[in-house]
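Chemist: fold the following.
(one chain, ligands or ions: 1)
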Amino acid sequence: MNPTANPAADPTANPAANPVLEFEDVTLAFAGVTAIDGVSFHVDPGELFAIIGPNGAGKTSIFNVLSGVYRPRSGSVRFEGRELLGVRPHRIAALGIARTFQNVELFAHLNVVENLMLGRHHHMRCGALAAFAWLGPARREELANRAAVEEVVDFLELAPWRRMPVGLLPYGVRKRVELGRALAMEPKVLLLDEPVAGMNAEETEDMARFVLDVREELGIAIVLVEHDMGLVMDLADRVLVLDFGRPIRTGTPAEVQRDPDVVRAYLGEARDHQGTGGAA
Ligand SMILES: Nc1ncnc2c1ncn2[C@@H]1O[C@H](COP(=O)(O)OP(=O)(O)OP(=O)(O)O)[C@@H](O)[C@H]1O
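Modeler: Numbering: from 1, shown residues only. Coordinates of the predicted model:
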């Protein structure tokens, strides 16, 4: 995969081209720990932007700020130019920022289609009474939501499992259902928190293909947090490297891989542990 094939891969390209997401000089502190220390980055429409760093570097904290779970001490977070700080998580999701989690967070006893329908929550406007009575508008809405879910089922090739309880599915398929639930929200930005953690090689390859399809076919911007360096370097247009909450470098995969500070702080450490260029 050639990261420069995508115009968004050029970090100098189009600085004025209305980023979909802007994270500006954000600092987040817990008692005694500065989890995010003056971090800035932007994500362009349709870009695949990765955030890497050792354990505890602040990656998940950035996701929690982006999705409104944590409120930073200072800085600004904008989505399509609109300030997100102070906006509640469900509202941020409704605006178009969907998220998957490090650990699969699905309803194990519900089947695939039912879990995906939960992702349609923000698109449901009719009240429970109308839905119960199966009245005209409620019926139309339900049918539209079901059609949208079936599109996701097809897109992620989930048809063989569509009526199976999620708790019975192989791990790799459950992670795919979680991606599906986020896609069912029809987001403009997708936050993927370690989408291939715990997967075998085949599951990782499948997930990588679906992540690329999401960007290329659906045009959704993706922020990817992942420890699998091979995957990050293959998929990302640009990469932000963090260490102890501080940004070390932002650039194309090729640029960050040859940055001596990055190698010292992270990639070198991973090489020492694994004897390869990859990290687990
Ligand atoms: N709710 C919290 N209360 C206190 N400290 C926290 C909280 N959340 C995160 N931290 C601290 O903030 C720092 C950054 O944590 P964070 O989980 O964002 O790192 P990470 O890069 O996602 O790590 P990992 O790769 O292990 O998931 C760590 O020192 C962590 O202990």
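Chemist: show the pLDDT at the nearest residue to residue 266 once chain neighbours are set aside.
Modeler: Nearest residue to residue 266 in three dimensions, chain neighbours excluded: residue 54, at 5.8 Å (Cβ to Cβ, 6 or more residues apart in numbering). From N, CA and C alone the C-beta is placed, and that goes for glycine too. At residue 54, the model reports a pLDDT of 89.
Chemist: state the number of residues packed around residue 54.
Modeler: Counted with other Cβ atoms under 10 Å, residues neighbouring residue 54 total 16.
Chemist: same check, this time on residue 72
Modeler: The burial count for residue 72: 21, using other Cβ under 10 Å.
Chemist: now do the phi/psi pair for it.
Modeler: phi -70, psi 160 (degrees, to the nearest 10).
Chemist: for the ligand, see how far away it is.
Modeler: From residue 72 over to the ligand the distance is 12 Å, taken as Cβ to the nearest ligand atom, to the nearest Å.
Chemist: that residue against residue 66, yeah?
Modeler: No - here residue 72 lies out of contact with residue 66, judged by Cβ atoms under 8 Å, at a distance of 10.4 Å.
Chemist: one step back: quick one: the residue nearest to residue 266 is in a helix?
Modeler: No - according to DSSP: H, G, I helix; E, B strand; the rest coil, residue 54 belongs to no helix; its state is coil.
Chemist: against residue 188, how distant is it?
Modeler: In this view, residue 54 and residue 188 are 30 Å apart by Cβ to Cβ, to the nearest Å.
Chemist: again, but for residue 121
Modeler: Residue 121 sits at a distance of 17 Å from residue 188 (criterion: Cβ to Cβ).
Chemist: which other helices and strands contact the strand or helix carrying residue 215?
Modeler: Using DSSP states H and E, residue 215 falls within helix 201-218. Contacts defined by 3 or more Cβ pairs under 8 Å, 6 or more residues apart in numbering; DSSP states H and E place helix 201-218 against helix 136-155, helix 171-184, strand 221-225, helix 229-235.
Chemist: could you check the angle it makes with strand 221-225?
Modeler: 150 degrees (axes from the mean of the first three to the mean of the last three Cα atoms, to 10 degrees).
Chemist: residues contacting helix 201-218, please?
Modeler: The contact list for helix 201-218, computed with Cβ atoms under 8 Å, 6 or more residues apart in numbering, reads 1, 46, 48, 155-156, 170-172, 175-176, 179, 183, 190, 192, 195-196, 199, 220-222, 224, 228, 231, 234-235.
Chemist: buried ones in it?
Modeler: Across helix 201-218, burial judged by 16 or more other Cβ atoms under 10 Å covers 203-204, 206-208, 210-211, 214-215.
Chemist: tell me which two in these are the farthest apart.
Modeler: In the buried residues of helix 201-218, the most distant members under the criterion Cβ to Cβ are 203 and 215, with 19.2 Å between them.
Chemist: ok so, going back, state the distance from the residue nearest to residue 266 to residue 214.
Modeler: Distance, residue 54 to residue 214, by Cβ to Cβ: 27 Å.
Chemist: report pLDDT for the residue lying closest to residue 95 once chain neighbours are set aside.
Modeler: In this structure, residue 95 finds its nearest non-sequential neighbour in residue 79, 6.1 Å apart by Cβ to Cβ, 6+ apart. In this prediction, residue 79 carries a pLDDT score of 97.
Chemist: may I have the secondary structure class of the most centrally placed residue in the chain?
Modeler: Residue closest to the average C-alpha location in the chain (Cα atoms, centre = their mean): residue 191, at 1.8 Å. Here residue 191 is recorded as strand under three-state DSSP.
Chemist: which strand residues bridge it?
Modeler: Beta-bridge partners for residue 191, by DSSP bridges, are residue 99, residue 223.
Chemist: what about the closest residue to residue 197 other than its chain neighbours, neighbour count?
Modeler: Excluding its sequence neighbours, the residue lying closest to residue 197 (Cβ to Cβ, 6+ apart) is residue 102, at 6.2 Å. Using other Cβ under 10 Å, residue 102 is surrounded by 14 other residues.
Chemist: quick check: residue 102 vs the ligand, distance?
Modeler: According to Cβ to the nearest ligand atom, residue 102 and the ligand sit 7 Å apart.
Chemist: tell me the contacts of that residue?
Modeler: Shown in contact with residue 102 (Cβ under 8 Å, 6+ apart): 60, 193-194, 197.
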